[in-house]
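> Sequence and predicted structure below; questions after.
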Amino acid sequence: MDQQVLKLAGEMLARHKALADELSDPNIHSDQRRFAEVAREHAKMRRGAEWSQGLLDATEEAREARELIPMADSVEEREFFTEEAQAAEKRVEELTEKIRAELIDRDPNDDKDVILEIRAAAGGDEASLFAGEIYEMYTRYADRLGFKHRTLSSNPAEVGGYKEVIVEIEGDGAYSTFKHEGGTHRVQRVPKTESQGRIHTSTATVAVLPEAEEVEVAVAQNDLEIDVYRSSGPGGQSVNTTDSAVRITHKPTGLVVTCQDEKSQLQNKEQAMRILRSRLLEREMRERQEQEGALRLAQVGSGDRSAKVRTYNFPQSRITDHRVGVTSHSLEATLGGDLEEFTQALAAKERSDRLAAEAAETPG
């Protein structure tokens, strides 16, 4: 019996109850920031609290069954109590491992919604087409998982695809699902415009941002410079006859966000603020980690053809993730949204790395 895990399970249950009591206090609604913080922590702990209660219940059942074995009046009764004890002990073992994993220092953003910023990088028109395919891959994967998604901002290319597209994905644990997708994605294939059949290499970059709520990132109105202008499509042609497009500049940081996809100025402003808050949250994360610029650079890289997290080779119908060494020959299925093989391998690597770090920090 792992006494440390039992102790932690008790502490988790106590914390979950304390959060529930705080949420039931009517006074908390006068502080929306605190209410949001408590509600998020309470929701995040729900699964761990259920496992903890199950562990304590199974531990007690195993103890009671073991005590009854020597008191049995027959062989059948002794076998029954033994089976009961073994079944409860098996549940204890399973729940202990689940709680261990839950208590690893998880990324506090794992339960958030996510914003993906996809940009064409090296390769001109071919890079834009590839950025469009990456966008379709992620939205199809979101559909498979039952997540909601919507495009917040886009800059379509004349040949098709996108120079840049920003999509929001909403769902339970969306950030934990997509967070490893950040980086330079490399495609190798013969472009339609290549007359001699030569294989070209192009890239698209992906940045993955945990979506920030208003209560998490305070943005002072005086820190914003908001410009409105007429929306335009590929080639500069006018899309709207009114000044509905919005450009927001955050003066303290110099961050600039533009949105023109929605029909109204108000909607575009709301979309731009969602993106701005998430970029500011990412900035805060970098500062807290004392690695200014490292998070986005680590995700996106330079966009150069030699920098890559994953390669999509069309002639061989092969996809390779270079971080975990996973290769799939189901290129069409993967671009159709079948990404589990890669996202699960990357999540397993993250968990393994965390366990290794935790073990290295444990004395003795």
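Yes, it's here.
> host element of Ala333?
helix 331-335 (DSSP states H and E).
> Can you list the neighbours in contact with that helix?
Helix 331-335 has contacts (CB atoms under 8 Å, 6 or more residues apart in numbering) with Glu133, Glu136, Met137, Tyr312, Asn313, Phe314, Ser317, Arg318, Ile319, Ser328, Glu341, Phe342. The C-beta positions use only the backbone N, C-alpha and C, and glycine is treated the same way.
> got it, and stretch 170-182?
Taking CB under 8 Å, 6+ apart as the rule, stretch 170-182 contacts 107, 109-114, 116, 138, 142, 145-149, 169, 206-208, 210-211, 298-300, 309, 323, 343, 346-347, 350.
> try 6 Å
Defining contact as CB atoms under 6 Å, 6 or more residues apart in numbering, one finds that stretch 170-182 is touched by 109-114, 147-148, 206-208, 210, 299, 346.
> Quick one: these as CSV, columns for neighbour count, secondary structure and distance to Val219 too.
CSV is the format used below for the contacts of stretch 170-182 (neighbours: other CB atoms under 10 Å; DSSP: H, G, I helix; E, B strand; the rest coil; distance: CB to CB, whole Å):
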residue, neighbour count, secondary structure, distance to Val219
Asn109, 19, coil, 19
Asp110, 16, coil, 24
Asp111, 17, coil, 22
Lys112, 23, coil, 18
Asp113, 24, coil, 18
Val114, 27, strand, 20
Phe147, 20, coil, 26
Lys148, 12, strand, 24
Val206, 22, strand, 25
Ala207, 21, strand, 20
Val208, 24, strand, 21
Pro210, 23, strand, 16
Gln299, 21, helix, 23
Leu346, 20, helix, 32
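> of those, closest to His16?
His16 has its nearest neighbour among the contacts of stretch 170-182 in Asp111, at 14.9 Å by CB to CB.
> so the closest one makes contact with Lys44?
Yes. If you go by CB atoms under 6 Å, Asp111 and Lys44 touch, sitting 5.3 Å apart.
> List the buried residues in the helix holding Ala333.
Across helix 331-335, burial judged by 16 or more other CB atoms under 10 Å covers Leu331, Thr334, Leu335.
> go on, stretch 3-18?
Neighbour counts over stretch 3-18 (16+ other CB under 10 Å) mark Val5, Leu6, Leu8, Ala9, Met12, Leu13, Arg15, His16 as buried.
> Helices of the stretch 1-150 of the chain, residue ranges please.
Taking DSSP state H, counting those that start in this stretch, the helices of the stretch 1-150 of the chain run over residues 3-23, 32-68, 75-103, 125-145.
> Looking at the ones you listed, spot the one closest to Pro252.
In terms of CB to CB, the element of these nearest to Pro252 is helix 32-68, at 20.2 Å.
> which secondary element of the protein has the worst mean pLDDT?
In the chain, no helix or strand scores lower on mean pLDDT, DSSP states H and E than helix 294-300, which sits at a mean of 52.
> Just name the closest of the buried residues of stretch 3-18 to Leu56, please.
Looking across the buried residues of stretch 3-18 and measuring by CB to CB, the closest to Leu56 is Ala9, at 6.1 Å.
> And that closest one, what's its pLDDT?
Among the per-residue scores, Ala9 holds a pLDDT of 87.
> Helix or strand: which one has the residue nearest the centre of the chain?
Note on the chain: the residue nearest the mean C-alpha position is Tyr175, at 1.5 Å, using CA atoms, centre = their mean. Taking DSSP H and E as the definition, Tyr175 sits inside helix 174-178.
> and that helix, what's its mean pLDDT?
Mean per-residue pLDDT for helix 174-178: 91.
> can you check stretch 337-351 too?
Stretch 337-351 carries an average pLDDT of 87.
> Specify the local secondary structure of the residue nearest to Val165 when sequence neighbours are not counted.
Distance criterion CB to CB, 6 or more residues apart in numbering; nearest residue to Val165, sequence neighbours excluded, is Ser154 at 4.4 Å. Of the three states, Ser154 takes strand under DSSP: H, G, I helix; E, B strand; the rest coil.
> how deep is Ser154 tucked in, by neighbour count?
Neighbourhood size, Ser154 [other CB atoms under 10 Å]: 17.
> Unless I'm misreading it, it sits right up against Glu164, doesn't it?
No. Counting by CB under 6 Å, Ser154 does not reach Glu164; the two are 7.1 Å apart.
> Mutual contacts of those two, please.
Counting by CB under 6 Å, 6+ apart, Ser154 and Glu164 have no shared contacts at all.
> where in the stretch 201-350 of the chain is pLDDT low?
In the predicted model of the stretch 201-350 of the chain, residues 213-218, 231-242, 286-307 satisfy pLDDT under 70.
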